[in-house]
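> Fold the following for me, if possible:
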Amino acid sequence: MKMRKCIYCKEYTFKEICQKCNRKTINPEPPKFSPQDKYGKWRRKLKLGE
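Residues are numbered from 1 along each chain as shown. Sure thing, here's the model as predicted:
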């Protein structure tokens, strides 16, 4: 099982639904890096605010 995080109350849990606020949790890990990333250039430009 992977640890999950609620983006509303910032609690960590193993469940799909947060026990504190009853909202959906997310996987806090970043996506894996791929050298063949088609959209990497655009994602970096968006992050830099260009």
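
> CA only for contacts and neighbour counts going forward, please
OK.

> I'd say Lys24 and Tyr8 touch.
No. Applying Cα atoms under 8 Å as the test, Lys24 and Tyr8 come out as separate, 9.2 Å apart.

> Could you say which helix or strand holds Leu46?
Per DSSP states H and E, Leu46 falls inside helix 40-48.

> May I have the residues that are in contact with the most centrally placed residue in the chain?
Residue closest to the average C-alpha location in the chain (Cα atoms, centre = their mean): Pro28, at 4.4 Å. Neighbour list for Pro28: 3-5 [criterion: Cα atoms under 8 Å, 6 or more residues apart in numbering].

> Same question for Phe33.
Going by Cα under 8 Å, 6+ apart, Phe33 touches no other residue.

> and the gap between it and Trp42?
Plainly put, Phe33 is 15 Å away from Trp42 if you go by Cα to Cα, to the nearest Å.

> Please apply the same query to Met3.
For Met3, the distance to Trp42 - Cα to Cα - is 29 Å.
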